[in-house]
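[1] Got a predicted structure plus its sequence, pasted below:
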Amino acid sequence: MTTSVVYDGTLPEGSPRVEQIREIVAGATGYDEERGDNIEVKGILFDRSHEIAQREELDRIKEEMEMSKGFFGRYKDLIVAGIMGVLAIGILILVARFLFSKKKEAEIIALEEAFEKQREIDNISEDIERIGGEKIEVTVDTDERKAKNYAKENPDLAADLIKVWLKNQ
């Protein structure tokens, strides 16, 4: 029995690839050398001009479709990703501002309470002076010290608090 195999390309005779092809064909055909079987393996360059022409036509059609999409069609994914990114950043900024404003609001309330206590002490001291005629020293309580230290550590918040007081008067 004689078997011929033709592959696309050219390889030198006796190359390992040609021998692999020969072994595969021998196993598939039941090759028997004692019977006088023969296997021929030859390489020929196949005509691929039709395949190349089809690929070029497909590429041309894809390019025409891409050009007909317009600006939004071509950059839709990038535009959507950009919008999503801007929205995500906006949401993060809003959440951060909300959390910061709540903290700032709590700090302003604490400062207002401390200053209110100081005002009460000053008022009491003035009343005692008017009644008794002598000046009484009032020791600074811990809340006042805390308020003053807080104002030193957070001058921006203290300034905001003073602005609020001035607006209310």
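    Thanks, I have it.
[2] could you dump stretch 101-110 to CSV, C-alpha only?
    Below are the C-alpha coordinates for stretch 101-110, written out as CSV (Å, rounded to 0.1, in the frame of the first residue of the first chain):
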residue,chain,number,x,y,z
SER,A,101,-19.3,68.6,58.6
LYS,A,102,-20.9,66.4,61.3
LYS,A,103,-17.5,66.3,63.1
LYS,A,104,-17.1,70.0,62.8
GLU,A,105,-20.6,70.6,64.0
ALA,A,106,-20.0,68.5,67.1
GLU,A,107,-16.8,70.4,67.8
ILE,A,108,-18.5,73.8,67.4
ILE,A,109,-21.3,72.7,69.8
ALA,A,110,-18.7,71.7,72.4
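[3] which of the residues in it are buried?
    By neighbour count with 16 or more other Cβ atoms under 10 Å, stretch 101-110 contains the buried residues 107-108, 110. Where C-beta positions appear, they are placed from N, C-alpha and C, glycine not excepted.
[4] Mind checking which of those are in helices?
    If you go by DSSP state H, those have 107-108, 110 in helices.
[5] Quickly name whichever of the residues you listed is closest to residue 161.
    Relative to residue 161, the closest of those is residue 108; by Cβ to Cβ it sits at 5.2 Å.
[6] Please verify my assumption that that closest one contacts residue 157.
    Yes: at 6.4 Å, residue 108 counts as touching residue 157 under the criterion of Cβ atoms under 8 Å.
[7] circling back to that earlier point, redo the ones in helices among the buried residues of stretch 101-110 as TSV? Include distance to residue 60 and pLDDT.
    TSV is the format used below for those (distance: Cβ to Cβ, whole Å; pLDDT from 0 to 100):
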residue	distance to residue 60	pLDDT
107	68	81
108	69	81
110	73	82
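[8] Distance to residue 90 added to those residues, as a markdown table?
    Compiled in a markdown table, those are given as follows (distance: Cβ to Cβ, whole Å):
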| residue | distance to residue 90 |
| --- | --- |
| 107 | 26 |
| 108 | 26 |
| 110 | 31 |
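[9] tell me which of those residues is nearest to residue 43?
    Of all these, residue 107 has the smallest distance to residue 43: 84.6 Å, by Cβ to Cβ.
[10] For the closest one, give its distance to residue 11.
    For residue 107, the distance to residue 11 (Cβ to Cβ, to the nearest Å) stands at 82 Å.
[11] Check residue 55 too.
    For residue 55, the distance to residue 11 equals 25 Å [Cβ to Cβ].
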